[in-house]
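Undergrad: sequence first, predicted coordinates after that:
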Amino acid sequence: MPAVSKGDGMRGLAVFISDIRNCKSKEAEIKRINKELANIRSKFKGDKALDGYSKKKYVCKLLFIFLLGHDIDFGHMEAVNLLSSNKYTEKQIGYLFISVLVNSNSELIRLINNAIKNDLSSRNPTFMCLALHCIANVGSREMAEAFASEIPRILVAGDTMDSVKQSAALCLLRLYKTSPDLVLMGEWTSRVVHLLNDQHMGVVTAAISLITCLSQKNPDEFKTCVSLAVSRLSRIVSSASTDLQDYTYYFVPAPWLSCKLLRLLQCYPPPEDGAVKGRLVECLETILNKAQEPPKSKKVQHSNAKNAILFEAISLIIHYDSEPNLLVRACNQLGQFLQHRETNLRYLALESMCTLASSEFSHEAVKTHIETVINALKTERDVSVRQRAADLLYAMCDRSNAKQIVAEMLSYLETADYSIREEMVLKVAILAEKYAVDYSWYVDTILNLIRIAGDYVSEEVWYRVIQIVINRDDVQGYAAKTVFEALQAPACHENMVKVGGYILGEFGNLIAGDPRSSPLVQFNLLHSKFHLCSVPTRALLLSAYIKFINLFPETKATIQEVLRCDSQIRNSDVELQQRAVEYLKLSSIASTDVLATVLEEMPPFPERESSILAKLKKKKGPGAVSVTELEDSKRESGELNGAGERGPDPSVMAASNASTPSPSADLLGIRSAAPVSNAPASAGSLLVDVFSEAGPAASSGAVNDDGFLRFVCKNNGVLFENQLLQIGIKSEYRQNLGRMYLFYGNKTSVQFASFTTTVSCPGELQSHLNVQSKPVEPLVEGGAQIQQVLNIECLTDFSDAPLLNIKFRYGGALQNLTLKLPVTINKFFQPTEMASQDFFQRWKQLSQPQQEAQKIFKANHSMDTEVIKAKLLGLGMALLDNVDPNPENYVCAGVIQTKSQQVGCLLRLEPNAQAQMYRLTLRCSKDSVSKRLCELLAQQF
């Protein structure tokens, strides 16, 4: 930068600033500013032309006044005029004023752009840098439109000065972040990537920021940067601090550049080239070795720079998850930080170890630090560090240490910070359930959890313990005995009363033989809590009382007396009053057999995903539940499964406490409920492990049409689902047009990169069907969902279906999936109402052999009348009543709307319940439509 001459000091500006500072009041300041504004305005409007120095001085004063918080409505043109000056200081002030005060909608933007273009083409490096800084500071879309194509040329030009290249790279990064659609690298891509080989370290540092941002959006386009980044990193890591003297920070060579290089490499999977991969592993080992060396300086800047590189290297090792030796070494290095005196280092070490615990290579190494982590949970002063310690205990938990970790977390709960108690409760509940091999231990743990942190125990937790007790015969007696003892405490949490009321109402008979827990004692114990409870809990207790009458007839008179009292049958709450009246009447008039039937024991719950997992995901947001659950479930398959997700039956227990099936594994919330299984829970099972299937492999491009036929008679639902991805559909059709909404849900905690979708119409379908799709976001965060809209136009009848191809990177592996989209000809039906006479008249008109398609087939599903009607209506035709002489038959009519023609269709479905057979007949005005509809429908019944 040129030296500022003595005459450029602008004494008038210094005097003005001094006057402002000496003002004793706000009024005095405003008065002085107004006086100065009047003087500047008169100077600008005067006849005498101002020289560059005066313009610069007055523009500076205006800028200072603006920074004090006052509005400036003039002087912009004078600032623009300064841009054409050949003096650096005048041009600098002009650009500074424009960067701060001129907005993108200004009428002067064209003049400003012309001045910037002149400076960019001047080849004066100082002026070029000023222009680039202005473009970056304004960063508007207008600036991007004007200069996005020019800046890459400056960046890669061989004769461009290093300082200009730095400014150009950062300016392009700014424009790309604000208007990515306008910054198209195209032909410049390879030359920009090769800036990583530049001799000037400042250029490399600036360029790598740009390349990293571009790589995140377009990884395939910039994948050649990996080998260059590894090469540059190797040179830095292997160099001594004296080799890069200008870029050495407290004995650490180029720490910022090293961190940026490591971060860039995290955008890509491990290098496929063996030599490049070997060189990178060598770099990472060198970084880990240097971390063990004694510090070369006691200053904090040295340790900060050194540790910044180390943590980025560990993040890269975790990202690759393919080098067991490096993963274990990284874990040991982090273990040393767990007892470091610096709080930030302890926090970062715990956070990184949480991720390491999910790797099968380093899980055992992480477990060796369990005592240190437990100590951190107990003694750390900073609540955020304690929370990370709890997260790490949760992540490192497996069958071998579950009891120890759960006990420590329960102990910590008594003094835990209120902000993390609910999350801690959920984690304890999940771990106790997931790793319980002894069901009595599980029951004890959950009841202890309710005792310690009852206010933070959500309904999902106590629902879950009830579900498991009901599904396990061997624990029911123990559970009844344990809750009976827990209820005897003088201060008993309401959640404990709910669990006690439910379990004693179902299984109180299992402990009634002991005089200390006789039926009347159980009832009196429950009823002693009644007046302290909320309305929903009282409703549940009333349901428990009527169950007692069935289990213990000797308590009938006592309980009826309670139900008969005014506080119950005249209760102001409608729910309590209705229950009291109905239960009293039921106990009075029903016979023993009827009472036993109505109040029989609850059946086992169906097997579904634990709702507590869903609660924790919701509590912590996308990606919160550790990947350990995935890995552990693979290692511990068959370990725990069992009670499903369903709340207490509202017809028997408190209606307001009933739970609904959890949609936690259904990111779109449109999956139909899973069928209830009558099979009992398998022995030794507790938690349904929804992740127990084998891990996902990079799938091939084979067409998956498993979900295609499910959508012939419906428009909404889940088309495809595996451990990584869920694809849902919602669609609507009108005449020959349709609109389909595709929902892509990331079921993992890991980001999907390079996410692209392509819809194609194979073969002749291109001339029959027109499908237009809107692009999707290339990044799908863990736990997130994105939407894509397809517009569909039916040009003429068709028999094939469009294909949806999805590609994305998960953990570095390319996933490739091709699905058949459920767009079938029946989606374009217009239902047609017809009388019996009109139907058969039309039926006879369509009598040519090629117009009819008929198929006789065996029923694949139940021949339920309502189900058949629902499917026929879902087909899109009008279901005609009282048309066929045989009332058992079904007839339908409709017109298929295409752009080129209309195709009339009549349908007749004749079921034979005895033979479990159907005869399906279709007559259409076009023979190809008859055959296609017949093929589709025959697979629906």
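TA: Received the coordinates, thanks. Note that the coordinates shown come from a computational prediction; the quantities given were computed from them, not determined experimentally. Numbering: from 1, shown residues only.
Undergrad: I'd like the mean pLDDT over whichever strand or helix holds Y95, please.
TA: Using DSSP states H and E, Y95 sits within helix 88-101. For helix 88-101, mean pLDDT is 90.
Undergrad: and it, what does it pack onto?
TA: helix 52-67, helix 76-82, helix 125-138 (3 or more Cβ pairs under 8 Å, 6 or more residues apart in numbering; DSSP states H and E). No exception for glycine: its C-beta is placed from N, CA and C like everyone else's.
Undergrad: most packed of the ones you listed?
TA: helix 125-138 (a mean of 22; mean count of other Cβ atoms under 10 Å).
Undergrad: give me the low-pLDDT residue ranges for this structure?
TA: For the chain, applying pLDDT under 70 flags the ranges 1-9, 47, 104-106, 241-243, 607-702.
Undergrad: before we move on, back to that, so for I208, which of the helices and strands packed on helix 88-101 sits nearest?
TA: I208 lies closest to helix 125-138 among the helices and strands packed on helix 88-101, at 17.0 Å (Cβ to Cβ).
Undergrad: I'd like to know which elements the helix or strand just after the closest one is packed against.
TA: Counting by DSSP H and E, the next helix or strand C-terminal to helix 125-138 is helix 141-147. On a contact count with 3+ Cβ pairs under 8 Å, 6+ apart, helix 141-147 meets helix 109-120, helix 162-178.
Undergrad: okay, these in CSV with distance to A313 and mean neighbour count next?
TA: Listed next are those as CSV, based on distance: least, Cβ to Cβ, whole Å; neighbours: other Cβ atoms under 10 Å:
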stretch, distance to A313, mean neighbour count
helix 109-120, 39, 18
helix 162-178, 24, 22
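Undergrad: dump those into CSV; add distance to E494 as well.
TA: Listed next are those as CSV, based on distance: least, Cβ to Cβ, whole Å:
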stretch, distance to E494
helix 109-120, 66
helix 162-178, 52
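Undergrad: and those helices: which comes nearest F222?
TA: Short answer: helix 162-178, nearest of the helices and strands packed on helix 141-147 by Cβ to Cβ, at 12.5 Å.
Undergrad: can you list contacts of the helix or strand following the closest one?
TA: Downstream of helix 162-178, the next assigned helix or strand under DSSP H and E is helix 189-193. For helix 189-193, contacts defined as Cβ atoms under 8 Å, 6 or more residues apart in numbering pick out 152, 155-156, 185, 207, 210-211, 214, 221-222, 224-225, 228.
Undergrad: which of these sits closest to K827?
TA: For those, the nearest to K827 is E221 (37.7 Å; Cβ to Cβ).
Undergrad: so the closest one belongs to a strand, correct?
TA: No - using DSSP: H, G, I helix; E, B strand; the rest coil, the assignment for E221 is coil, not a strand.
Undergrad: coming back round to it: which among the helices and strands packed on helix 141-147 is found nearest to I727?
TA: Among the helices and strands packed on helix 141-147, helix 162-178 sits nearest to I727 (Cβ to Cβ), with 30.4 Å.
Undergrad: tell me what angle that closest one forms with helix 109-120.
TA: Interaxial angle, helix 162-178 versus helix 109-120 (axes from the mean of the first three to the mean of the last three Cα atoms, to 10 degrees): 150 degrees.
Undergrad: about what we covered before: restricted to strands, list the contacts of helix 189-193.
TA: Among the contacts of helix 189-193, none falls in strands (DSSP state E).
Undergrad: could these be laid out in CSV, adding neighbour count?
TA: As requested, the contacts of helix 189-193 are exported to CSV (neighbours: other Cβ atoms under 10 Å):
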residue, neighbour count
P152, 23
L155, 25
V156, 18
M185, 19
A207, 29
L210, 23
I211, 26
L214, 23
E221, 16
F222, 23
T224, 13
C225, 29
L228, 20
